[in-house]
Structure formats: structure tokens, C-alpha cells
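Q: Coordinates only, no sequence provided:
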């Protein structure tokens, strides 16, 4: 279990070691043929900032070598905003007095029809964390409904038990995203005071359950802004390193969600600027050539236009973060505000103009 390794870390000591890295550590990391977690510390440290151009060139080269000039396209579909957790940063939090909505079969298919009209073959199903309303039974039904329309189905829902993931995989579940939000255990509790999500250790063990269940791809990450992003990112990288060694058959992805406004409002504890986010993306690529790096519509048009060539492999577009947001109830409450509101066609055009090919289908099951 990753918890055994995690418990060996001291947050303050990890943070201090990152900020203590020098330009010589950065240069050693850049010149290394096989980078390790200590190199990653150097590459995300303040000392690496003057080397960003060199990091970006290396990241571009490594990404193109492994993934070619392609960007995989996906779109989220929110099935429900019902949630039993209190989370300080989320529009769906239990304490927010908002209309709650869970899509019916008919409404799911209406949303699917719109999404397919845009060309998508990779869909991410998202719900709040409400075990009784949108538990494994609801997810089974939803996956069965949409399976004929998509070659790749991902979910971002409440953590499940291993046997529950094992029930969903044969139905067509390909990928599960589960973000720790922050690896700072004390601050995690402050942001998740009530609900099943308040159990830090249970959430931390979710990727282990996924690995044992045999899922095709696991996505991890943190919500940037809750805590020091460098320390959180190192612990994410350590988690990734552990998972790859123990569940080597799975593929892995990292996302970089920065805290965005929502109906409750939470100001970031730590601000991350665009230059620092580019640094982090490049650092992950230099650490791991196989890793998928996903950039969502939380980020601005300008940022997403520029990051295509720097290491990203996966883009969302035209995202709606409310249940039924595409067709059924386009005016209902969003989980958070998106920044890049361009339609899919414009994102596709931007990617092509950058010299890259948008990919709608990641893999074929028959292979």
C-alpha cells in the first residue's frame, strides 16, 4: 500500500528539501539520462525557473518522441450534482443550498447525442459523491447506456471498493480519475470536514484498489492552490512512481487543476502562475516519458494555445460542469467556472494550426 511509503514522509522536510535545491541540482537533473524523484524535486524548485526554456525544449522532444504530434480529445459529462460531502472549494458541497439534479436514462441519452455530434469518442462521466443516489448501481446503468456510443469511458466519482471497480470494468470502464486534492493530511481535513471524503487514508488507498482491480488507466493529481504546489506535486510524483512499480500493466495520467471560482468561493492558499504551471508540466515529462498529461478548460485560451507543444497530450473542450449542461439544463449550477469556453471546432482548429492532430479515439479494444 502507498500509505506505508507516504507515512515515511514528513511534509515540512520534503518542502524544505525542494526549496533547498540549487542550480547545480537542476543542471544535474537536466543532463541525466534517467531522472529520479530527487531530480524531480530540483526541476520543480525555484532554482529551476531560469532553466525553463531548456526544460520546455526537452519536454517537447520527449513528448513528440513518445506520442507524436497528437492531442487526445475528451469531454466530461456530469451525471449528478448530488453530494454527501462538505468540501470548501466545490460548488456541489452538501452545505451549498442549490437545486440538486441527477440525470435520468432519457436525459443521459440526450446529452450523449449532443456530445457525439461534436465527434467525441472519449467521455468522462462525473458525479458528486452520493453513494445512495449515484452509487455503483447507477454507474453500471449509465455505462451500459452509453457504451454503444464511445470507445473509451472514464469516470471521476466517489472512491469505490475493489470489487465494485471489478463490476464496472467488463461493462466498458477504461479509466478512473481520483484526485487526492492535497497530500497535506492536516489541511486535507480542514477542506473536507464531513462526509466519506473526509477519510484521508481511504481516498489515498483508492489507486491501490484500482491497480488490484486491473483498470486500464489511472489518473491522479491534486487541486493546485490548497497547499504548497511543489510539495504536493512531489508527493503526487512519488505516488505515481509507486503505482507504476506495483501495477505496471496500467497506464497513468496526471492532471493539473488549479482552484477555480465556485458558488461558495475559496481563495487559493497558494497562487501558481502560468510560468510555474509550465515548469511543473515540463518537470513531469522529464521524469516520465510515458505519462499522459491532461489540460482542462479550467485554463485560459492563451495558456492552452501555448501548452500544446510543451508536453500536454490530452485536452478537453466545450466542457460543462453541471448535470445536463449541454442540452438538458444548460443554465443549472456549475461545479466550478471554466476559463476556455471555445467550442470544440475552434479547439480542433487551434490544435491543427499548431501542427498537431486531434485524436478522437485512443485505442481499439480488439487490439
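A: Arrived safely. These numbers come from a predicted model, not from an experiment.
Q: just the strands in the stretch 101-250 of the chain please.
A: Along the stretch 101-250 of the chain, the segments classed as strands by DSSP state E, counting those that start in this stretch run 122-127, 152-156, 173-177, 217-220.
Q: Can I get those in CSV including mean pLDDT?
A: Listed next are the strands of the stretch 101-250 of the chain as CSV, based on pLDDT from 0 to 100:
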stretch, mean pLDDT
strand 122-127, 96
strand 152-156, 97
strand 173-177, 98
strand 217-220, 98
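Q: Using a markdown table, lay out those strands together with mean neighbour count and distance to residue 73.
A: Where C-beta positions appear, they are placed from N, C-alpha and C, glycine not excepted. Output for the strands of the stretch 101-250 of the chain, formatted as a markdown table (neighbours: other CB atoms under 10 Å; distance: least, CB to CB, whole Å):
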| stretch | mean neighbour count | distance to residue 73 |
| --- | --- | --- |
| strand 122-127 | 23 | 7 |
| strand 152-156 | 21 | 11 |
| strand 173-177 | 22 | 14 |
| strand 217-220 | 21 | 16 |
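Q: where's residue 56 relative to residue 121, distance?
A: Counting by CB to CB, to the nearest Å, the gap from residue 56 to residue 121 is 30 Å.
Q: ok so, going back, output the strands of the stretch 101-250 of the chain as JSON lines; include the columns distance to residue 29.
A: Listed next are the strands of the stretch 101-250 of the chain as JSON lines, based on distance: least, CB to CB, whole Å:
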{"stretch": "strand 122-127", "distance to residue 29": "33"}
{"stretch": "strand 152-156", "distance to residue 29": "32"}
{"stretch": "strand 173-177", "distance to residue 29": "28"}
{"stretch": "strand 217-220", "distance to residue 29": "22"}
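Q: nearest to residue 203, of these?
A: strand 217-220 (10.8 Å; CB to CB).
Q: Pull the distance from that closest one to the chain's centre.
A: In terms of CA atoms, centre = their mean, to the nearest Å, the centre of strand 217-220 is set 8 Å apart from its chain centre.
Q: Now do the contacts for the closest residue in space to residue 356 that isn't next to it in sequence.
A: With CB to CB, 6 or more residues apart in numbering as the criterion, residue 356 has its nearest non-adjacent residue at 4.7 Å, and that residue is residue 69. By CB atoms under 8 Å, 6 or more residues apart in numbering, the residues touching residue 69 are 355-357.
Q: cool, and residue 6?
A: Counting by CB under 8 Å, 6+ apart, residue 6 touches 183, 204, 235, 238-239.
Q: Which of the contacts of residue 69 sits closest to residue 5?
A: Using CB to CB, residue 356 comes nearest to residue 5 of those, at 36.6 Å.
Q: For burial, what's the neighbour tally of that closest one?
A: Residues near residue 356, counting by other CB atoms under 10 Å, number 19.
Q: All further residue positions should be reported with the first residue as 22.
A: Shifting the count to begin at 22 puts that one at residue 377.
Q: longest helix anywhere in the protein?
A: Looking across the chain with DSSP state H, the single longest helix is helix 250-267.
Q: May I see the buried residues of it?
A: Residues of helix 250-267 classed as buried under the neighbour-count rule (16 or more other CB atoms under 10 Å) are 250-265.
Q: can you check stretch 301-308 too?
A: Buried residues in stretch 301-308, counted by 16+ other CB under 10 Å: 301-308.
Q: If I follow the layout properly, residue 154 ends up in contact with residue 102?
A: No - Residue 154 lies out of contact with residue 102 (CB atoms under 8 Å); the separation is 10.2 Å.
Q: For these two, indicate the residue with more neighbours.
A: Of the pair residue 154 and residue 102, residue 102 is the one with more neighbours under other CB under 10 Å, namely 27 against 15.
Q: what phi and what psi does the backbone show at the more buried one?
A: Taking degrees, to the nearest 10, you get phi -110, psi 10 for the backbone angles of residue 102.
Q: picking up where we left off before, and the longest helix of the chain, what does it pack against?
A: With contacts taken as 3 or more CB pairs under 8 Å, 6 or more residues apart in numbering; DSSP states H and E, helix 250-267 sits against helix 23-27, helix 32-40, helix 58-65, helix 227-234, strand 238-241, strand 272-276, helix 295-308.
Q: what's the average pLDDT for the host helix or strand of residue 366?
A: Taking DSSP states H and E as the criterion, residue 366 maps to helix 365-374. The average pLDDT for helix 365-374 rounds to 96.
Q: Name the residues that touch that helix?
A: So helix 365-374 is contacted by 92, 94, 96, 139-141, 325-326, 329, 336, 338-339, 361, 363, 378-379 (CB under 8 Å, 6+ apart).
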